[in-house]
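**Student:** Sequence first, then the predicted structure:
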Amino acid sequence: MTTVPGGSAAPVAPRLPHALGRLRLGDPVVAVWLAALVVTLAGWIVVAADGGDFLTRSTVTGILQNSVALGLVAVGQSMVILTGSLDLSVAYLVSLGTLVAAEMMQSGNVITAILAVLALSAAVGLANGLIVTGLKVNAFIATLGTAFILRGYIEDTYTGPAGHVPASFRRLGYDRIGFVPVSVLLLIAVAVVAWLITRRTRVGHHMYATGGDEHAARLSGVRTGRTVVLAHVLCSLCVGAAALFLAARLGAGAPWAGTDARYDLESIAAVVLGGTALAGGRGGVAGTLGGVLVLSVLDSVFNQLSIDPFFKNVVRGVVIIAAVALFARPPRSDRAGGRQRRGDRGRPGRSGAPGVPGQEKSG
Amino acid sequence: SSDIPEDDAAGAASSEQAQDGGEGAKFFDQAAYDRQLALAGTAPRGPADKPWEQMLDPQMTDTAKYAKKGGAKGVHLCFSNAGVFNPWRQVGLKNMKAEVELHEEITKFTVLDAQGKDDKQISDIQELSGKGCDALIVSPNTTATLTPAVQEACGKLPVIVFDRGVQTDCGVTFISPIGGYAYGAAAADFLTGKVAKGGKIVALRISPGVDVLENRWAAAKKAFDKAGLQVAEVKFTDGDPSKAKSIVSDALSRHGTIDGVWMDSGATAVAAVEAFEDAGKDVPPITGEDQQDFLQAWKDKDLTAIAPAYPTFQWRTPVIAALRVLGGQEVPKQWVLPQPVVTEENFDTYYKDGMPPLHYGACGCEKLPGYPGAWGGK
Amino acid sequence: MLTMSSVSKSFLGARVLHGVSLDLEPGEVHALVGENGAGKSTLMKVLAGEYTPDKGTITLDGTARVFSHPVQAQAAGIALIHQEFALLPYRTVAENVFLGREPVRRGLVDRRAMERRTAELLSELDETGIDPRAQVKELSVARQQTVEIVKALAASDVRVLVMDEPTAPLADHEVERLYALIRRLAARGIGILYISHRLREVFDLSRRITVLKDGRKVAALTTAETTTDEVVRAMVGRELRSYYPPRAAPGEISEPLLSVTDAGNERLTDIGLTLRAGEVTGVAGLQGSGRTSLVRALFGAAPFTRGRMTVAGRPLLPGSPRQAIRGGIALVTEDRKAEGLALRQSVRDNALLVTRAVSGVGKREVRGLLERVALRSRGLDQEVRYLSGGNQQKVVIAKWLAARPRVLLFDEPTRGVDVGAKSAIHTLVRELAREGLAVLIVSSELPELIGMSDRILVMSDGALVGELPAGAAEEDVMRLATGGTPDRFEGSAA
Amino acid sequence: MTTDTTTTTTTARTAPARALRRLGAGGPVYALLVILLAALAITDAGFFEPDSFLAFVKRAAPLVILAAGQYLVIVSGGFDLSVGAVVTAGVVAGAELYGSYPEAPWLLVTVGLVMAGAVVGVANGLITTRLGVPSFITTLGMMLILEGAVFYWTGGSPQGVLPASFREFGRGSAGGWLPWAVPACVVVGAAAVWLMRSDFGRTLLATGDNDRAAHLAGVRVPRVRTLAFVLSGAAAALAAVLIAGFSGVSAQAGRGLEFEAITAVVLGGVLLGGGRGSVVAAMAGAFSLQALFTLLNLQGVSGALESTVQGVIVIAAVGLGATGRPGLSRLRRHRSQPSGGTTS
Ligand SMILES: Nc1ncnc2c1ncn2[C@@H]1O[C@H](COP(=O)(O)OP(=O)(O)OP(=O)(O)O)[C@@H](O)[C@H]1O
Ligand SMILES: Nc1ncnc2c1ncn2[C@@H]1O[C@H](COP(=O)(O)OP(=O)(O)OP(=O)(O)O)[C@@H](O)[C@H]1O
Ligand SMILES: [Mg+2]
Ligand SMILES: [Mg+2]
């Protein structure tokens, strides 16, 4: 991983041909996709050295397949984090989503079930957003609170896997086109929509602005409160999509589907790995997908090498920290805007976002 | 292309699910309950000193079609594990690995760990079925959710499921101890025998939403109701001893006396015992599991106790079954293992000096290679 | 076209505007001048809907308007270019320019249109060097300022454009371009309210001048009929220099406490200077000439990378503020809120911060010190963010006095400080020198610098280019600072 | 000069007045605590009898200690998500140690664990301050690393039995009536209060408030922040010793504790983002949370619904505390107004 040229980005960029000028290595999105590539190559070498064959059709399918659920959640999480908020309730919402989906599909039809799950998700997102903006509860606590509320409801209502997903809908979880699972298409579709929303719509622009500098955004006429609420709703909708996918894959609703997989913390890790600043305003969906891919490829390599599951966690922890330290960190010096330099002068360090005390500076 | 198995037994699966898992525990399944209690009283078939090879009321099935050419030699055995997220599974996995070592004919043993993620286990199973395994062992993370994946694998190689079931009988054999009803009933019957009518029982459960545990509680509740015991508290501990201890302490201060403690698994039993001690009260009749720390407390404190086991020796059986299947020998379609209960009388069989606190007594591992060191004992 | 009448505004009980009236005609450039803290920016923020006035009315084209949000003012055609940047550094120029009013086509933001329009606006400014797709953080400060201007212009149909010190960060040629632009905008009939401390610009551009002092309108002048002197007199309200404490007598200046030779770093070259006990040394220079870089280097915050330095006879080239503090150097930074104070902490905790952080330095009883700097507060436990600017500055000074420094560096010591506090600070600085400290003052207010200093060093382009004796004329200072261009008039405003 | 009068009259306020003011900073949490304790008294008549009250304090002690440590990190502008993992690792490592050295003196093991916790803090602090990784990510990674490492090391389950001597601290009572955890809690509380009144504490607050100003005032910002992590790690390890003593070996002793600790600190009115809040209020937040758990337990709320009630109460408490008081109205991090930085 140390080969990722995060640090040397600034001097490299100007030397690149003009056509490549916009594809800077220092750009976190580029960096994380490069990292995914490096991890894949490294995995391939290590597995080959171990006598295995890494890039087979089935492992590639596996990697893609395993990226879907986390990918959907992380895409949603990117949107709230971009806006300067945070969502810790995603794991329980995934669980509840699978349960609602499977139960409604058992008793009714698929369409109403899908709509119900999305409606539920939107409602939870709305609640999160309103608590954060209206009650002015810090996002960390607000969404942790919602998570507890959902948990109580799930535990009180369900005693185990419930519902049944008809085969027609299960195809979402199992069908493949060649070696590409169709659910990956769902992920790509959701990611493209999220990308379009964040990069191409007004509200998306406002998300970046709100996360970047809430005060400046408000002065420019951005309705920051609404933007935060909307980001939460969109995030929850993505989580709802993840729940639908999992319901299709699992064939039933499972009360522990979201929490066992730790989608809350893993999605945040993927987002940050993908170069989105925890304080908001910077980054995006494209990087997040790269982050998810890195985690997924790592998992697959571990699988191939039959690495002890506990040791996997150690490696994951190290990778997350190291990756952020290497390339997802704000660049040390900016090119021309000398006054924006960190730790010396420029604007007072706006080191915080609504949700999260942001990046500490070394002073 | 689709990985959904062609012969999707959707209808059958869903009706079965309504009984075993899902909302199952909400409406108690009398038939399963009766069957399990009957099995608990049946004498097992098989070598007396090897409970992991015993079977209860077996319906044998022919496995000739799975027989490996040239006999079971050079076997590549694969195992999709739900995870090793609790000590029970950790002890179990050691058992399984040691069992594999016993058999020279197994040349390769591949384990994929799903880390508790259903989604990942489905992919694991898919991956293993394309990996040249001779047989696949599955310990499912969730009953309902792995059915399709297992069905798919069945079409490619012999599949052996154990511990939690799946809603398909496509596997060659499903291995498990008798079941949750028998477990819960054994513990509850002990209490109904020791506690006078009207006595107050505290029930400590791990967490809602796990079907096996729901069955244990359903059986116990039935027994308590029948015997006229009063269930004063039913609480979830999340498997956290300090939470369990707090719950029992609070219950003590709320109810004054507690006449019996029932629990659906052993992780927090010692904490419950200590709650009584710390409150300066005698420990009432209590149930636990065959976990070493509880057995130790039982011995040291001379408790009135019982410890039904959900035996970890069942982790040995799938390997044995796999070799039998590959050798073309017949195995039971449902391989029901005995489910021992640790009592005053047989205590010494299960209590082993020098084993670590989270070890399980009914591991059947005493003669396995590496014992006791590999299990952390001395 | 625009009339503001009897506008009053208070912050936390402190009256900042006292019934100020102002009017503006289409196509007119109307200058607003006044000392720091006179209330110019506040008045403009009231106009732009950022603050609601306590009293007073705003009438635009004959209709009374009440703006409760900047967006309403923008919609009415009033745009404000902020004195402080309000740009998002990680977004592109075009995105910043159109923030809050992105053009939409078929549901999506029309980036092309946005970028094209931005490019158009930029070329109207003759700023072809700015790529609308570049991230703002990659631009120089001057260009960031240009983006701010473009952003204001992009607002639909601007009738009134307020520019709060737009030229402050601009270089000469950029100022010329801006002039051209302003004239063009005025020719289109846009009324321009122009705030600047550079009186020369005011005279170059404006038709009328309104002078604010301590939140009151003290003069409304027609540019063609007035003189610089008259404007300055109105701004300051008294004869210049009359209120500065007496300078050091020759015998009061004694041994050197800090001396630097041949020092430099990436922004400074060939720095050599000596600060003596009892003496107040002033440093003059244009914006960006390196004055701040100099004091930060002396203080170890942006250290010298070469050269020699002696403090109180011992060699010390500080590599960090901590080392400098241990050596007896203190720095009152130019940006009080960002670098001088922990705003949520109490007066006491701020005053003791250095003493506590650098153990073994300084004293722990602050009450006497706070009395000495004449702090007005509701007690030592009051959070400093509730203090007025001047009192905040006094806390900063007390913090350094607690550390018992030998050398005190002041960067813009009276920026944003009101007249009363200003004179208290001036008196205090002189007293400290008299007690044997070596004092260095950087100030953009030339009269202050001249009034306070026993000696003036002039900086230009990161180097010390000259030294002038006490009481030098502003013209002499400016001549040196601008590298010999004599007609540039800078900073005489207060 | 008028100045003198203003300064003198106002500072003539007495120490008790100041103490009251300090308490006021955490106002809502004390109200919450009083309400919860009153509710407990109503639910359980015997709650305030010395025995059961001390038992309550004993149970709250680990969370209170964790909250004190977490407070230090939060107030300096960070997060410590690794404390739960430190607790788990501490309990498991203690058992593992006793597995290898059954005769190890309890004091040595306790001190060893606390030091190990401090070492984890050093790593957190250095990664955060020197490598510039946000503490959220640093400590999240550390959580994965610790959980993974300790189980990898023990092969999944701890090997030893914790002897009574070691467990006495978390389980036993001094003189037969005063649980050791209570004096431990008091000592940690007193130490935390002392620390926050000390130079270090004041410096820490200033650093969390404005790290640039602190740096320019000679504060060694990375060191101060790292120290906060170190103390948090040590506090977590001490909590691990108490928890191990209270309830014995468990492989999931610390699960979710990081969130409980952060919730407690926020309940105490401490600003996420740093620079504001009192450690006493943070510890009161921990007591409130424990009181809430106990109340839910005693009230016999359907076991499963407990978390729902908990979630609602936490949101409501923080929400009301936030909007009720103008000073606290923004739990979000304040932005320092730029002060006419570009004026000439
Ligand atoms: N939001 C605020 N809260 C409290 N006081 C304020 C606020 N904004 C401005 N002030 C005070 O009001 C006074 C006038 O400030 P203003 O910024 O309008 O002055 P100015 O004339 O623009 O000065 P400068 O030339 O330095 O820009 C100052 O004393 C300032 O400290
Ligand atoms: N941290 C930095 N990184 C890069 N360039 C800087 C930095 N700080 C200052 N500069 C540049 O160095 C030059 C000197 O600036 P400096 O701030 O020292 O001048 P100044 O005379 O004090 O200006 P001001 O009046 O704004 O304080 C300017 O061109 C400025 O843009
Ligand atoms: Mg101004
Ligand atoms: Mg300067």
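**Tutor:** Perfect, I can see it now. Ligands and ions are numbered 1, 2, ... in the order given.
**Student:** Whatever residue of the stretch 1-150 of chain D ends up closest to chain A and chain B, how far apart?
**Tutor:** Scanning the stretch 1-150 of chain D for proximity to chain A using C-beta to the nearest C-beta identifies D:Gly148 as nearest, at 2.9 Å. Every residue, glycine included, has its C-beta placed from N, CA and C. D:Gly148 sits 11 Å away from chain B, going by C-beta to the nearest C-beta, to the nearest Å.
**Student:** Make sure that residue is actually in contact with A:Ile307.
**Tutor:** No - using C-beta atoms under 8 Å, D:Gly148 is not in contact with A:Ile307; the gap is 10.5 Å.
**Student:** neighbour-wise, which of these two wins?
**Tutor:** Counting neighbours by other C-beta atoms under 10 Å in any protein chain shown for D:Gly148 and for A:Ile307 shows that D:Gly148 has the greater number, 23 against 17.
**Student:** any idea what sits nearest the more buried one, other than its immediate chain neighbours?
**Tutor:** Nearest non-adjacent residue to D:Gly148, counting by C-beta to C-beta, 6 or more residues apart in numbering or on different chains: A:Asn313, 2.9 Å away.
**Student:** Can you give me the buried ones in the strand or helix carrying A:Thr227?
**Tutor:** Here A:Thr227 sits within helix A:224-250, counting by DSSP states H and E. The neighbour-count check on helix A:224-250 (16 or more other C-beta atoms under 10 Å in any protein chain shown) flags A:224-225, A:227-250 as buried.
**Student:** anything in that helix near chain B?
**Tutor:** Yes - judged by C-beta under 8 Å from any C-beta of the partner chain, helix A:224-250 and chain B are in contact via A:Leu246, A:Arg249, A:Leu250.
**Student:** do the same with stretch A:260-268
**Tutor:** Yes - residues of stretch A:260-268 are located near chain B by C-beta under 8 Å from any C-beta, namely A:Asp260, A:Ala261.
**Student:** what about the residue in the stretch 251-400 of chain C that ligand 3 sits nearest to, neighbour count?
**Tutor:** For the stretch 251-400 of chain C and ligand 3, the shortest gap (C-beta to the ion) falls at C:Gly389, measuring 11.7 Å. C:Gly389: 20 surrounding residues under other C-beta under 10 Å.
**Student:** so what sits against both of D:Gly148 and A:Ile307?
**Tutor:** A:Val315 (C-beta atoms under 8 Å, 6 or more residues apart in numbering or on different chains).
**Student:** burial measure for C:Thr427, as a count.
**Tutor:** Neighbours around C:Thr427, by other C-beta under 10 Å: 14.
**Student:** just checking, it touches C:Pro245?
**Tutor:** Yes - at 5.3 Å, C:Thr427 counts as touching C:Pro245 under the criterion of C-beta under 8 Å.
**Student:** Tell me where the chain has strands.
**Tutor:** Since no chain was named, I'll use chain A. Remark: strands assigned in chain A by DSSP state E are A:176-177, A:180-181.
**Student:** switch to chain D, that's the one I care about
**Tutor:** Counting by DSSP E, the strands of chain D are D:173-174, D:178-179.
**Student:** from these, which stretch is densest packed?
**Tutor:** Highest mean neighbour count of these: strand D:178-179, a mean of 20 (counted as mean count of other C-beta atoms under 10 Å in any protein chain shown).
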